[in-house]
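Mind looking at a prediction? Sequence and model below.
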Amino acid sequence: MGAVRVDLSGQTAVITGSSSGIGAALAEGLAQNGANIVLNGLGDAGEIEALRARIASEHGVTCLYHPANMLKADDIADLIRFAQQETGRVDILVNNAGIQHVAPVDDFPVEKWDAIIAINLSSVFHASRAVLPVMKAAGRGRIVNIASAHALRASPFKSAYVAAKHGVMGFTKSVALEVAEQNITVNCINPGYVKTPLVENQIADTAKARGITEDEVVRDVMLAAQPTKKFVTYDELTGALLYLVSDDGANVNGNAITVDGGWTAK
Ligand code: NAD
């Protein structure tokens, strides 16, 4: 558990794409600080139920799950409706769901482009659109969009992802201006490379494929762009999130906390 502590008792947080990776870690971090949680995401039903039950019992909070598919606007509206109906409020929305596809643009499958724009960008619009009336009625709210260092910098072969993440940053600024006087903030967290299970599995495979050590894979291949040469940790992202949702974060608006080991300083 990270060092940052905020009292979120009684608040409700909805985290999209929280069945694994960063989203699951952020959900757990919010629960550790007292928030009731609505999980979302794809995956094995048994594993999701185990995560839901563990978060509820370990942290003594209400933890629910809604299976909204981020490709579907109606599902997303229903996720927010469900959270409000079941817990009576939605104080925090973390738009985290995301996918990636890597290919040259003239070879990029059209359906992959459409899915990345829908899940990584349009779902942020649909969820924000649905939650803002709830937050406006409550007189307070926090929307945190998990964008990326790729919201600020490009890499080749990731055109859809980079376009979507730059779009999230622009959307964040625009909505922040709209709701600034209503005690609602809208911000991004821009992670650099995070050691999710997916990344972890690639280390050994890449080492074998390239005939180099696992340390060399991390340093010279994966973290070539990240000056600290260290992966961003879940605790570091959770700390940024807790600050943004706290009362002390009230004047950080339409901006980003970039947790990227110095990548975008270059
Ligand atoms: P992950 O694959 O572990 O998690 C993605 C989550 O999104 C999962 O819960 C998945 O079920 C969910 N999801 C995917 N498609 C969905 C859909 N159609 N409907 C509902 N849920 C869906 O990936 P992660 O690395 O934890 O990424 C989380 C976020 O962080 C993404 O937005 C990603 O772009 C961003 N990010 C990740 C890194 C990194 O290095 N891992 C770096 C910067 C930004």
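Now that the structure is in, tell me what you want to look at.

drop to CA atoms for contacts and neighbour counts, all remaining ones
OK.

count of neighbours near S19?
26 (other CA atoms under 10 Å).

Use 28 as the first number from now on
Sure, I'll start numbering at 28, so the last one becomes S46.

Provide the secondary structure category for it.
When classified by DSSP: H, G, I helix; E, B strand; the rest coil, S46 comes out as coil.

Wait, it touches I75, no?
Yes. Counting by CA atoms under 8 Å, I75 is a contact partner of S46 at 6.0 Å.

Run a quick check on A178 versus V189, I expect a contact.
Yes. Counting by CA under 8 Å, V189 is a contact partner of A178 at 6.3 Å.

wait, is R169 part of a helix?
No. Checked against three-state DSSP, R169 lies outside a helix; its state is strand.

who's in contact with it?
D118, I119, L120, I211, T212, V213, L271, V272 (CA atoms under 8 Å, 6 or more residues apart in numbering).

Can you give me every residue that contacts the last one?
Which is V272. I119, R169.

ok, now how distant is it from C215?
Look at V272 and C215: by CA to CA, to the nearest Å, they are 12 Å apart.

what is the mean pLDDT for whatever helix or strand E205 lives in?
Take DSSP states H and E as the rule and E205 turns out to sit in helix 186-206. Across helix 186-206, the average pLDDT comes to 98.

Distance from the chain centre to it, please.
13 Å (CA atoms, centre = their mean, to the nearest Å).

For A77, give me its contacts.
Under the contact definition (CA under 8 Å, 6+ apart), no residues are listed for A77.

what secondary structure does it sit in?
Applying three-state DSSP: A77 is helix.

Which pLDDT value goes with it?
The model's pLDDT for A77 equals 98.

Equivalent analysis for T223, please.
pLDDT, read off for T223, is 89.

Hmm, it is touching G50, no?
No. With contact defined as CA under 8 Å, T223 does not reach G50; the gap is 10.4 Å.

the more surrounded of those two?
G50 (25 against 15).

measure that one to Q229 for me?
Taken as CA to CA, the span from G50 to Q229 is 20 Å.

Show me which residues of this structure sit near the ligand.
Listed as neighbours of the ligand in the chain under the rule CA under 6 Å from any ligand atom: 44-50, 68-70, 95-98, 123-126, 146, 173-175, 218-221, 223.

Name the helix or strand for Q229, please.
Applying DSSP H and E, one finds Q229 within helix 224-237.

in the next helix or strand after that helix, what's buried?
With elements assigned by DSSP H and E, the helix or strand that comes after helix 224-237 is helix 241-243. Under the neighbour-count criterion of 16 or more other CA atoms under 10 Å, helix 241-243 has E241, E243 buried.

What of stretch 106-126?
106-111, 114, 116-125.

likewise stretch 165-179?
R167, G168, R169, I170, V171, N172, I173, A174, S175, A176, H177, A178.

These: which two are farthest apart?
The most widely separated members of those, counting by CA to CA, are R167 and H177 (29.3 Å).

I appreciate the help and will end here.
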